Structures are given as structure tokens and as C-alpha cells.
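Undergrad: Predicted model and sequence below, questions to follow.
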Amino acid sequence: MLTVKNVEVVYNDVIQVLRGVSLTVEKGRITALLGANGAGKTTLLRAVSGLLDIHDGEVTKGRIELNGRAVHTWPPAKIVSAGLGQVLEGRRVFAEFTVEENLRIGGHTRRSGLHESIEEIYHLFPVLKERRRRTAGYLSGGEQQMLAMGRALVAQPDVILLDEPSLGLAPRIVQQIKDLVVQVNQERGTTVLLVEQNAMMALSIAHQGYVMEQGKIVMDDAAANLMENEDIRDFYLGRGELSTSYRNLKHYKRRKRWLS
Amino acid sequence: MTTFAQAILSGTAQGAIYALLALGFVIIYKATHVISFAQPALMVIGGLFSYHFSAVFGLPFWPSLFIAILLGAGLGMLIERLALRPMIGKPVFTLAIITIGVDVVLRVLANRYIGADSRALRYPGGSERYEFLGLALSHRQVTIIVVTLITVVSLALFIRYAKAGLAMRATALDQETALAQGVKVGAMFALAWAIAGGLAAIAGTFIATGSGGIEQDTWIIALKALPAIIIGGLDSLQGAVIGGLAVGIIEQITAVYQAAYLPFLGTNFSLVAPYALMFVVLLIRPYGLFGTKEVERV
């Protein structure tokens, strides 16, 4: 279980990106985090995984707890060992490594059982087994996404952070990735925090959803309720019918309401 | 023909030393993107460690070399920890300049130790020569080539297969992603410096067994690794080895033939030849023979 309590993050000592974000990722569940570009989603993930430091960012307030332990001051390696896996935005497989080397580095914090753990990943993503000796950079986008997920799972984390797994993938592949996220969650019991721009995809598999705007959580509800929410349908899912022009005006008002 | 082959053979022995130094440069560069100008000092001090344990403490040659490698590695890590770690995130140019400062400080200390004498390490293998098809190599040259070969192969295996080697390569490719996998990136920097320090100690030890021993200006030899890495490519380990050998061989060939065929270039042109070769490589393949095509300053 992952708890973020009232966290503020400042980059370069001056740029405040998160302003008091709180969220709870329940154990064994999929939690979706939605939001437009620049809302602070990736920053929140960095705060959780300890990667703020290399971006010159800092948690200035609040606390982040992983399985009850405050981790926001820990270095990334320690957080990974404590059971957090992360798939960074844009997949970021090691392009010059083979598939197997990518998986091996994913298990860097493991002391034993690396081989078995990698076999489990091959079982989960059979396509990776076929390509195990291939250079990762030459895999297709979907395969790279599977590799990035597999790499994060080798360490057998309790909680996994997925940053836009659908980015730049064809709809059919997105469908496949979506099913895999569900499979990982159900079969392995891995808790998932899913950050997405593809709100439909995220909400359709999530149990709980949060919406971020300008460094704040502006909404949180069960995913099913969010799917029905007027604002969410308007901004993230799109409606069946054409929007009339006054919607733009309402948009401004809604934003104000959300931000207040 | 025999003269030519002999020049190549002798050049290989000398080039092996350059290759060890060049490997140190490249390993640090790959891990941290910093060109470490502290290599000359690491080489001289590594050689002096061997000298001290062997000539002053009376240990045999090989144990002295082993201790010198460990101490050299430790010194490398110490430099990384004290001088470079606090500067992480600063421009690499700044870090490169810091390594120059470190180099100067260490060399001053080393020169204090060296004094006016030449610190020559007695080579244990004796002075017999191996003759083969009219070619000759001294015992010392054979040892240098063999030790370098063993070092390079084990280093290559370590980097390719060992867990830490994999983590080092991952750090070189993408630091943030490596961090996200739980790799301690700082420890990888330290490891790179340790390896470079150890390699420099081997090179320094062999230089100390040479005719001149280690003198106040022996550090200049380490600068030959610069043309070596530029010829081979800054980010390529095999490039460093091949570049190092190329520098040794070109030096030797020039030393043998230049006086007869290109006398107008004057005496001691062989010292300049590696830089001339480097210049040609820079014109044709600025990223080196094996390097990645990429533009980077410094």
C-alpha cells in the first residue's frame, strides 16, 4: 500500500509543482491517476520513487509511505528494495542491451532467485522469451512496453508505478497492455498506480481514480463513478455528440470550481 | 621485413601499457561522461606503490603489484568520493577541470617522494630474450603483453556478465532508468574510478620496471593515452585497447624508419607521431574508429 500525504514538490528551489497532493493506493488494487500535460503526474511518481533528486527537485512538505514506512527521504535503490517498481514514461528500455540483460538489470536488487523470477516474466510475456537474445532497441513499441513492465516486475515489487504505458502505441496494442496490467494485478497481486492520458483505458481497469490539475488532486472517486462524471466525460473521455461552443465557457468555470 | 615485424612487436608491448591507461579513461568516461585528467597521477602513484612495497619493504614483485592495484583502486575511489561526488550535476567540463587539479596535487606529492632520483623497480624476470623467427622480445615485454591480455579479457568478461558490470553499463546508458531499477549510481561511479585506478597502477608498475624507472616527468607517458582514446573512440572499450596498441606501434615504427625516410622531420619525431595519427583520425572520423557518432564538447 502506498500513501501520499499532503506532498509538496519544488524544483530548483523555486518552481512549485505539487501543492499538497494526497492519495492512497490500496493494496492489491489498480489506482488510476489522470490529468493533462503538466499537471504534475510524473513529478508525483518521481517523488514516490526517489527520482526527484536527479531532476533537482525536492519534497518540501508532507510524507510518502510505502507499506507504512516513510520513504520520501530515501535514495531510489532503497525504495526499490523496499518493494517499489517503476516503469518510466516512454518505456526507457536499455536499447543496447538484449531483452534478457534488461530483465537481469531489473532484478538488480534481488539477492537470489533471479533466474526463476525471469522465467516467471517469460511466462507472463511469452513474446519476450522468443526475443530474449535480441537487442531491446529493435523491439516494437508494444514489446518494449512489455519489456519495461517485465523489467519492473523481476524484482517482485509490492507496488508498481506505470507512467503512461499506452503512450504512442496502436489501439490494439493498448488493449493488450491493458489486459496485461489487469493480469499482473490479479495473478501476482501487484498493487498498481497507473498514470494515463488515455483516461478511458485507465478508468476501465482501475478500481479507484484520481484527477490531477496544476499540482493538485481535484477529484477522487471510484473509477466507475468517474466514468459517469460529467466533467470527466467532457474533458477526458469525450462525448458522443459534438460539443457546443458554450462548453468552452463552462470549462473555464469548472476549472475555477475545481481549483477552489 | 624482420625489422618491420620487430617494430610492430615491440610497439605492441609498449602499446599494451597505453591500452591499460586508455581503458581507464574510457571506463570513467562511459560511466560519468567526464574525461579524467587525473590518470597520469594515478599511473605514477600506482607505480610508486609497487616500488615502495618491493624496493623499500622488500616484498617480491607480484605481491607488490597486487597491493599496488588495490591501493590504486582505493585512490581512484577516494578521488571520486572526495573531489567529484559533491559536484554531481555540475557541467562535465567543470568536473574535467577538477580532475586536472587533482592530478596536479597528486603529482606534486608524488614528486616529493620521487625526489631527484629515478625510482626504478627491479624487474624479477631477468634479462633473457625470447627469439622467434628472427624476432626478439624481452622477458619484460612478454610479461607486459600477457598481463595486459589477462586484464583486458577479465575486464571484458566482468563488464559483460557480472551483475555489477551490467549495472555499470546500465548507468552509462541511462542513469535515471538505472536508478529506477535500484542501481546505486554513485557506487557505479566509484567502481569505474576504482577500475581506472587499478589499471593505472598496473601500467605505472610496468613503466617503473622500464629502463628509466619513474622520474619527475614520467607522467607525460600517460598522456599518450589521450591520442589512444581519440583514435579508438571515447566511449569504446575495444577502441581503447586498439587505440593504445596503435599508438605504441606507430611510435615504434616511426622511431625505426623516420630517420631514414623522413629525416627532415628531425629527431625524436616518434614522440609526435601518435598525435599526428590522432589528427588524421579526427579529420576522417571525429568520433574515433569505434566510437559512437555523437557530438560532444571537451
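TA: Alright, I've got the coordinates.
Undergrad: and the stretch 51-200 of chain B, which of its residues are near chain A?
TA: Contact residues, the stretch 51-200 of chain B versus chain A (C-beta under 8 Å from any C-beta of the partner chain): B:89, B:163, B:166-167, B:169-170, B:173-184. Where C-beta positions appear, they are placed from N, C-alpha and C, glycine not excepted.
Undergrad: Read off the pLDDT value for the closest residue to chain B within the stretch 1-150 of chain A.
TA: The stretch 1-150 of chain A approaches chain B most closely through A:Val80 (3.2 Å), counting by C-beta to the nearest C-beta. Per-residue confidence at A:Val80 stands at 94 (pLDDT).
Undergrad: shouldn't it be in contact with A:Gly106?
TA: No: contact criterion C-beta atoms under 8 Å: A:Val80 and A:Gly106 do not qualify, at 9.7 Å.
Undergrad: ok, how many other residues are close to the residue in the stretch 1-150 of chain B that chain A sits nearest to?
TA: Per C-beta to the nearest C-beta, the residue of the stretch 1-150 of chain B with the smallest distance to chain A is B:Gly89, at 7.1 Å. Using other C-beta atoms under 10 Å in any protein chain shown, B:Gly89 has 10 other residues around it.
Undergrad: now do B:Ile284
TA: 8.
Undergrad: any idea how far it lies from B:Leu277?
TA: For B:Ile284, the distance to B:Leu277 equals 11 Å [C-beta to C-beta, to the nearest Å].
Undergrad: what's the average pLDDT for stretch A:215-235?
TA: Stretch A:215-235 comes out at a mean pLDDT of 83.
Undergrad: Between its first and last residues, how far does that stretch reach?
TA: 17 Å (C-alpha to C-alpha, to the nearest Å).
Undergrad: cool, and stretch B:210-218?
TA: End to end - C-alpha to C-alpha - stretch B:210-218 spans 11 Å.
Undergrad: how far is that stretch from where the chain is centred?
TA: The gap between the average C-alpha position of stretch B:210-218 and the chain average comes to 16 Å, counting by C-alpha atoms, centre = their mean, to the nearest Å.
Undergrad: Flag the shaky bits of the chain, pLDDT-wise.
TA: I went with chain A, as the question did not name one. Where chain A drops to pLDDT under 70, the residues are A:237-260.
Undergrad: Oops, wrong one, chain B.
TA: Low-confidence segments of chain B (pLDDT under 70): B:293-298.
Undergrad: Could you list the buried residues of the longest helix belonging to chain A?
TA: Determined from DSSP state H, the single longest helix within chain A is helix A:171-187. By neighbour count on 16 or more other C-beta atoms under 10 Å in any protein chain shown, the buried set for helix A:171-187 is A:173-174, A:176-178, A:180-181, A:184-185.
Undergrad: Stretch B:282-295 now?
TA: Here stretch B:282-295 shows B:287-291 as buried, counting by 16+ other C-beta under 10 Å.
Undergrad: right, is it up against chain A?
TA: No: legend: contact between stretch B:282-295 and chain A by C-beta under 8 Å from any C-beta is lacking; minimum distance shown is 9.8 Å.
Undergrad: how much space between the residue in chain B positioned nearest to chain A and B:Phe25?
TA: The nearest approach of chain B to chain A comes at B:Gly182, 3.2 Å away (C-beta to the nearest C-beta). Computed as C-beta to C-beta, the B:Gly182 to B:Phe25 distance reads 28 Å.
Undergrad: Off-centre distance for stretch B:243-252?
TA: What separates the centre of stretch B:243-252 from the centre of its chain is 13 Å, taken as C-alpha atoms, centre = their mean.
Undergrad: outside of it, which residues touch it?
TA: Residues outside stretch B:243-252 that contact it (C-beta atoms under 8 Å, 6 or more residues apart in numbering or on different chains) are B:7-8, B:10-23, B:224-225, B:227-233, B:270-271, B:273-274, B:277, B:288-289.
Undergrad: for chain A, what spans make up the strands?
TA: A:2-11, A:15-25, A:30-35, A:57-66, A:69-70, A:84-87, A:159-163, A:191-196, A:208-213, A:216-222 (DSSP state E).
Undergrad: which residues of chain B fall in helices?
TA: Using DSSP H, helices in chain B cover B:2-32, B:39-51, B:61-79, B:92-114, B:139-161, B:163-173, B:175-180, B:185-208, B:225-232, B:237-261, B:273-284.
Undergrad: In TSV, list those helices along with distance to A:Ile217.
TA: TSV is the format used below for the helices of chain B (distance: least, C-beta to C-beta, whole Å):
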stretch	distance to A:Ile217
helix B:2-32	39
helix B:39-51	52
helix B:61-79	44
helix B:92-114	39
helix B:139-161	45
helix B:163-173	34
helix B:175-180	24
helix B:185-208	31
helix B:225-232	51
helix B:237-261	48
helix B:273-284	55
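Undergrad: sorry, back to before: which of the buried residues of helix A:171-187 sits closest to B:Arg119?
TA: Proximity of the buried residues of helix A:171-187 to B:Arg119 (C-beta to C-beta) peaks at A:Val184, which lies at 62.5 Å.
Undergrad: burial count for A:Val87?
TA: Applying other C-beta under 10 Å, we find 27 residues neighbouring A:Val87.
Undergrad: Which residue comes closest to B:Leu95 once chain neighbours are left out?
TA: Once flanking residues are discounted, B:Leu95 sits nearest to B:Val34: 4.4 Å by C-beta to C-beta, 6 or more residues apart in numbering or on different chains.
Undergrad: Now that neighbour. Its backbone dihedrals?
TA: phi -110, psi 130 (degrees, to the nearest 10).
Undergrad: what about it, neighbour count?
TA: With other C-beta under 10 Å as criterion, B:Val34 counts 25.
Undergrad: shouldn't A:Leu34 be in contact with A:Glu196?
TA: Yes: if you go by C-beta under 8 Å, A:Leu34 and A:Glu196 touch, sitting 6.3 Å apart.
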